[in-house]
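Chemist: Task: produce atomic coordinates for the following.
(chains A and B)
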Number of protein chains: 2
Amino acid sequence: MSDSTSPPVSTVDSPYAELQRELRHIATLQSISGTLGWDQETYMPPAAAPLRAEQLSAVSSLAHERLISARVGELIAACEADTAVTGDEDEAANLRAIRHDHERATRLPTSLVRELAEASALGMHAWREARERNDFAAFAPHLVTLLGLNRQRAECMGVPEGGETYDALLEDYEPGMRAAELRRVFTALRGELTPLIRAVAESPHRPDTSWQSIPLAVERQAAFNRSVLERMGFDFSAGRLDVSAHPFCESPGPGDTRLTTRYSEDELAGALTASMHEAGHGLYEQGLPKAARFGQPLGEATSTGIHESQSRMWENFVGRGRPFWEWALPQMKRDVEVPAVQALDVETVWRGMNVVAPNLVRIESDEATYNLHIMLRFDLELAMLSGDLAVADLPGAWNDRIRADLGLEVPSDAMGCMQDIHWSMGAFGYFPTYTLGNLYAAQFWATIRAELPSLDEEIRAGDFAPLLGWLRANVHAHGRRYTAPELCRRITGQPLSHEPLIAYLREKLGPIYGV
Amino acid sequence: MSDSTSPPVSTVDSPYAELQRELRHIATLQSISGTLGWDQETYMPPAAAPLRAEQLSAVSSLAHERLISARVGELIAACEADTAVTGDEDEAANLRAIRHDHERATRLPTSLVRELAEASALGMHAWREARERNDFAAFAPHLVTLLGLNRQRAECMGVPEGGETYDALLEDYEPGMRAAELRRVFTALRGELTPLIRAVAESPHRPDTSWQSIPLAVERQAAFNRSVLERMGFDFSAGRLDVSAHPFCESPGPGDTRLTTRYSEDELAGALTASMHEAGHGLYEQGLPKAARFGQPLGEATSTGIHESQSRMWENFVGRGRPFWEWALPQMKRDVEVPAVQALDVETVWRGMNVVAPNLVRIESDEATYNLHIMLRFDLELAMLSGDLAVADLPGAWNDRIRADLGLEVPSDAMGCMQDIHWSMGAFGYFPTYTLGNLYAAQFWATIRAELPSLDEEIRAGDFAPLLGWLRANVHAHGRRYTAPELCRRITGQPLSHEPLIAYLREKLGPIYGV
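Modeler: Next up, the predicted model:
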């Protein structure tokens, strides 16, 4: 019996509500992979490795099956016909990104997904062994296979109009970014960075770094790291800081963001920079509107490059800055009762934190040289994907470029083209995001300094709230509302440019090296 | 084209192989709940609790759906018709247990499973609040609901021929055990235990326990605990020892068995007994043939009571024995450089480890009195389930029994009938397994002492390998090949009896209390 005065009551959810519920379920399954992955790198007993592989495989295939299901496709189509969704700017952006992810997932044949997963597992295994024995020839066939499968993958997913194969892969990490755009910015960056690094190398100034070797017990370092992260605004009631071989940040879902670092008793500030880097990622995760939008693009990070901009900003722009050490050094002296630390002065520490020197190894490189490593990898992976560079010729091309850019001789492929895990996993298009992180960080930093004129004083007082508040409002809160290029224009009024990074490096390195 | 000289090759798995694969997949999903549950009690940040609840619910419903699927039912039926399976004694036992589990799971309507899960969540929440405010009336309606749902549950699962409602619930924890059998053994036990405990209470002897308060830093306790567990044979490459509010053992799957304990600087041996207890559970898990039988009954523990027998054996029969302390005290003196520890002697420590004194709280009770707590709970939950005892009358019945058995007055329901979480979760039939653990441990221990005549000397030398070897061969290796009652007969030649436990207690308490 219907009462004509009341509106019709529907017990059926709107397609958009059902879609959100479905996405939340998928995200919950994916979040389990996150939790299991964190455990694997921190506390898992070694003998549990085969069980862990089975757990991860079970849960990720369940999530994938659900994401590519016909039901999700139908719901997306129904939402696209619903003006209540498409008429709302936020929800329309959310829906576009959902469509984007669903299409990319469904375009890949399950057989190719499996082939890629297997080739990647075999590739990583072969890479570990080949690197240990410095035997590039043993690794090369895997690289050939992985390149072939990724070319197929790019074809399935579709090359954007006017674009190239690489763009289809880059889309995994930097939606909306193109290889042509990267070439433009990277070429300009390299043009200015190479002479700057050469000038530093030729400078007679050599900052004192001997203080880094002041021994400090791991527990004291851990307490100090934690206190700095708390001060930065990292919420430990919704996160942790642990130890792992390679520092990382894993945020499975709302209320759960876990960082790791590694302590060495021979490197006073080594763990701190790693902790601040990961906390930069962690603050982004904690600032995303995940509680309300779990599983939805508006609750997710917009790109790997933007993610990296947050970590690099806290690690380098804040953590290697003089204002930071004007706060942190007295803090360290208070917390850590070690006589050699009491004798340190800010000027020495600040200079020592900003040494620039060519290094064969990417992950041991300083914030300037690091970018040359990335551009090298970008150019070589592009050339391998297009077929311009045969895999067999990779070591020679690598070594030539290191000689040209850094003036160093590569003593072994293990220290050369086999130093990184990425290609062995079949991750092509990932490397550029590291330098994108530096570029976005520098470009945002210039805007932040203009908008927060007392930033240095605040940092000097250990007050990071204004900076974090700015990042929350301008970057974190948007989730995937804007792509990285859109966000960059929105925040800085300009497209991505090499100039802010170069200006930042010149301003810092000038007084240290007289360049 | 078929070659007539070769046998026909089938690319289709046997139903038994497919069933095993299916069960392994279900076990993998269940193992994820185990890993997530461990994390929840050890390292999870508090704000992640809602996400964790969603993760656990997602993965447990996926596992449950798969277990009750028609396909699993068909495969079981096909295997039951396959003489290659039923003709093999081990595989036939395996298959019978698979059928048993599948039937119990499918007999429960999904709606009842959900109602129970909700009532249990609400019940635990209400219990926490009611206990804090000592307000039994606020908890009582939840207990009424949970009893009603469990009566329904017992009906669905079916009461065994000649049995009672309680048996259907007990079957979750102690397959093959019956309430009537428990009544028989418990009545006999209580008849001898009550006067023994009364005699101890009236004894003029009071062992010195002041040494328990020797303060010892947590890290030193942790290192000592770990070294004892290593010596016991716990494999740390396939396990861990961490800290949690309530000690537990969680073994998600092959190669992964995690223990927790808790350290108090005021209780020298408190963490050690908890660690040895959990390691007893852990050694059982590590000794099950899980690698080959993951997801199959033959790879699983046979009952909660047998599980508890392993923990109680290591905690009490080994860890409170004089031979153990003859090894452990010198060990502690070597590891721990604390003068007050150096002054301890074995006789004092051994006596202090074996104090018997009535305590209102189950988990703070000694190994003798503890059983009176369990029998009280068994009798009262039986009476509530049958309707003989109204929920409103529970506090009175509880307090009368505590007075009669322990000679103590219960000052509040929080310290009385609301002290345990079990009933608030709807777990009826669980409590008896604690005393079953003590009984099985005592009965096995008597056999072990007969079969390993130099056991005391071995323990005195810190050599636990013969004991562990015996447990591996006689208990762990069988998985669910035998039910607990079958295992007891097989090992000891006798049905379950109260006599070995009483004999063990008399032998120990005699010299300490002169009883």
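Chemist: residues from chain A in reach of chain B?
Modeler: A:24-25, A:28-29, A:31-32, A:35-36, A:39, A:43-52, A:54-55, A:58-59, A:62, A:235-240, A:242, A:252-258, A:294 (C-beta under 8 Å from any C-beta of the partner chain). No exception for glycine: its C-beta is placed from N, CA and C like everyone else's.
Chemist: buried subset of the residues you listed?
Modeler: Buried members of the residues of chain A next to chain B, scored by 16 or more other C-beta atoms under 10 Å in any protein chain shown, are A:24-25, A:28-29, A:31-32, A:35-36, A:39, A:43-45, A:47-48, A:51-52, A:54-55, A:58-59, A:62, A:235, A:238-240, A:252-258, A:294.
Chemist: Now, the residues you listed that are in helices?
Modeler: A:24-25, A:28-29, A:31-32, A:35-36, A:39, A:51-52, A:54-55, A:58-59, A:62 (DSSP state H).
Chemist: From the residues you listed, pick the one nearest residue B:439.
Modeler: residue A:51 (33.4 Å; C-beta to C-beta).
Chemist: Quick check: bridge partners of the nearest residue to that closest one once chain neighbours are set aside?
Modeler: Closest residue to residue A:51 apart from its sequence neighbours, by C-beta to C-beta, 6 or more residues apart in numbering or on different chains: residue B:253 at 4.3 Å. Assessed by DSSP bridges, residue B:253 has beta-bridge partners residue B:256.
Chemist: Quick check, pLDDT for residue B:253.
Modeler: We have a pLDDT of 98 for residue B:253.
Chemist: what do you get for residue A:6?
Modeler: Residue A:6 is given a pLDDT of 47.
Chemist: same thing with the one 3 residues further on?
Modeler: The per-residue pLDDT reported for residue A:9 equals 49.
Chemist: Kindly report the same for the one 3 residues further on.
Modeler: With respect to pLDDT, residue A:12 scores 70.
Chemist: Which residues are in contact with it?
Modeler: Applying C-beta atoms under 8 Å, 6 or more residues apart in numbering or on different chains to residue A:12 gives no contacts.
Chemist: Give me the distance between it and chain B.
Modeler: The gap separating residue A:12 from chain B is 21 Å, by C-beta to the nearest C-beta, to the nearest Å.
Chemist: buried residues in stretch A:372-386?
Modeler: A:372-382, A:384-385.
Chemist: Looking at those residues, which are in helices?
Modeler: Those of these lying in helices (DSSP H): A:372-382, A:384-385.
Chemist: Among those, which one sits closest to chain B?
Modeler: residue A:374 (33.2 Å; C-beta to the nearest C-beta).
Chemist: Test my guess that that closest one contacts residue A:435.
Modeler: Yes - contact criterion C-beta atoms under 8 Å: residue A:374 and residue A:435 qualify, at 4.1 Å.
Chemist: For the residue nearest the centre of chain A, pull up the helix or strand it's in.
Modeler: Centrality entry for chain A: nearest residue to the mean C-alpha point is residue A:308, 3.8 Å, by C-alpha atoms, centre = their mean. Here residue A:308 sits within helix A:304-312, counting by DSSP states H and E.
Chemist: Could you tell me how far residue A:407 is located from residue A:203?
Modeler: 14 Å (C-beta to C-beta, to the nearest Å).
Chemist: on that earlier part again, using a markdown table, lay out the ones in helices among the buried residues of stretch A:372-386 together with pLDDT.
Modeler: Output for those, formatted as a markdown table (pLDDT from 0 to 100):
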| residue | pLDDT |
| --- | --- |
| A:372 | 98 |
| A:373 | 98 |
| A:374 | 98 |
| A:375 | 98 |
| A:376 | 98 |
| A:377 | 98 |
| A:378 | 98 |
| A:379 | 98 |
| A:380 | 98 |
| A:381 | 98 |
| A:382 | 97 |
| A:384 | 98 |
| A:385 | 97 |
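Chemist: Switch those residues over to TSV; also include distance to residue A:325.
Modeler: Below are these laid out as TSV (distance: C-beta to C-beta, whole Å):
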residue	distance to residue A:325
A:372	26
A:373	26
A:374	27
A:375	30
A:376	31
A:377	32
A:378	33
A:379	36
A:380	37
A:381	37
A:382	39
A:384	42
A:385	43
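Chemist: now, among the residues you listed, which is nearest to residue A:336?
Modeler: Of those, the one sitting nearest to residue A:336 (C-beta to C-beta) turns out to be residue A:373, at 33.2 Å.
Chemist: From what I see, that closest one and residue A:362 are in contact.
Modeler: Yes - look at residue A:373 against residue A:362 with C-beta under 8 Å: they come within range, at 4.1 Å.
Chemist: returning to what we had before: just flag the most distant two among the buried residues of stretch A:372-386.
Modeler: A:372 and A:385 (20.7 Å).
Chemist: What pLDDT is listed against residue A:110?
Modeler: At residue A:110, pLDDT is 87.
Chemist: From chain B, how far out is it?
Modeler: For residue A:110 relative to chain B (C-beta to the nearest C-beta), the value is 17 Å.
Chemist: That residue - how many residues pack around it?
Modeler: A total of 11 residues lie near residue A:110 under the criterion other C-beta atoms under 10 Å in any protein chain shown.
Chemist: As a check, name the ranges of all strands in the stretch 201-350 of chain A.
Modeler: Secondary structure of the stretch 201-350 of chain A (DSSP state E, counting those that start in this stretch): strands at A:239-243, A:249-253, A:256-261.
Chemist: What is the last one packed up against?
Modeler: Here strand A:256-261 is seen to pack against helix A:15-42, strand A:239-243, strand A:249-253, helix A:270-287 when contacts are counted using 3 or more C-beta pairs under 8 Å, 6 or more residues apart in numbering or on different chains; DSSP states H and E.
Chemist: now the helix or strand where residue A:473 lies: mean pLDDT?
Modeler: Here residue A:473, judged by DSSP H and E, is contained in helix A:465-474. Averaging pLDDT along helix A:465-474 yields 98.
Chemist: Was I right to think residue A:29 contacts residue A:58?
Modeler: No - counting by C-beta under 8 Å, residue A:29 stays clear of residue A:58, with 9.6 Å between them.
Chemist: Nice, that's everything, thank you.
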